[in-house]
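Novice: Return atomic coordinates for the entry below.
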Amino acid sequence: MDFQATLGRILDAFQKQDVRCALAGGFAMGALGVPRATVDLDFLVHRDDLDKIESIMRAAGYQCLFKSENVSQYVASLKVLGEVDFIHAFRKVSLGMLARAVSKDLFDGKLKVKVLEPEDVVGLKVQAMVNDPTRQTQELADIESLMGYFGGRLDWRRMEEYFSLFGQQSKFLELRARHSHVDR
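Specialist: Next up, the predicted model:
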């Protein structure tokens, strides 16, 4: 997947149509300074903007493969443009994540996009590993990478709320003991 081409193709339209979105997932980790190989793009998007996203994605050569209340998945007819997944923000927690997203320059300043804060990327990864236990190994590795990189600069209370929301308090305590003292 050519991430620069894909983002270039859709970000301008997102901005022109005021789509409230932020990068999430593996590519967001890279934008935050924690590189991680990934094969797709993930966005957290405001649920009220889903019709705009549908129109933009179709115009950019994507078709919707799956859509539920919580997520939608698009794939391009051109393999180089790959897959783009959207997590729908409509609950207080996810709307807060979207509101906190920060603008980052990508590809040596050629593109600008909002990216979730590291704590919020962690929160979505906790949700992903609970929703699909087969992803636990990768999601925990990503969480540990973010915690190891940001350490003492993280909002540990916010992350504790995410772990607690999904019944993962003991895992949080273990990770905090290992990473909260790290300060880069």
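Novice: which residues touch the most centrally placed residue in the chain?
Specialist: The geometric centre of the chain, computed from its C-alpha atoms, lies nearest to Ala24 (C-alpha atoms, centre = their mean), at 1.0 Å. By C-beta atoms under 8 Å, 6 or more residues apart in numbering, the residues touching Ala24 are 42-44, 87, 116, 120-121, 124. Every C-beta, even on glycine, is put in place using the N, C-alpha and C of the backbone.
Novice: Next, format those residues as CSV and append pLDDT, secondary structure and distance to Arg135.
Specialist: Below are the contacts of Ala24 laid out as CSV (pLDDT from 0 to 100; DSSP: H, G, I helix; E, B strand; the rest coil; distance: C-beta to C-beta, whole Å):
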residue, pLDDT, secondary structure, distance to Arg135
Asp42, 96, strand, 13
Phe43, 97, strand, 18
Leu44, 98, strand, 17
Ile87, 97, strand, 14
Leu116, 98, coil, 18
Asp120, 98, helix, 18
Val121, 97, helix, 14
Leu124, 97, helix, 12
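Novice: what residues are up against the closest residue to Phe166 other than its chain neighbours?
Specialist: Counting by C-beta to C-beta, 6 or more residues apart in numbering, Val130 is the residue found nearest to Phe166 once chain neighbours are left out, at 4.4 Å. By C-beta under 8 Å, 6+ apart, the residues touching Val130 are 166-168.
Novice: Name only those of those that count as buried.
Specialist: Applying a neighbour-count criterion of 16 or more other C-beta atoms under 10 Å, the buried members of the contacts of Val130 are 166, 168.
Novice: can you put the contacts of Val130 in JSON lines and add distance to Val80, secondary structure and pLDDT?
Specialist: As requested, these are exported to JSON lines (distance: C-beta to C-beta, whole Å; DSSP: H, G, I helix; E, B strand; the rest coil; pLDDT from 0 to 100):
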{"residue": "Phe166", "distance to Val80": "36", "secondary structure": "coil", "pLDDT": "96"}
{"residue": "Gly167", "distance to Val80": "40", "secondary structure": "coil", "pLDDT": "96"}
{"residue": "Gln168", "distance to Val80": "37", "secondary structure": "coil", "pLDDT": "96"}
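Novice: what does stretch 74-94 contact?
Specialist: Stretch 74-94 is contacted from outside by 1-2, 5-6, 9-10, 20-21, 24-25, 39-47, 50, 53, 57, 60-65, 69-73, 95, 97-98, 123-124, 162, 165, using C-beta under 8 Å, 6+ apart.
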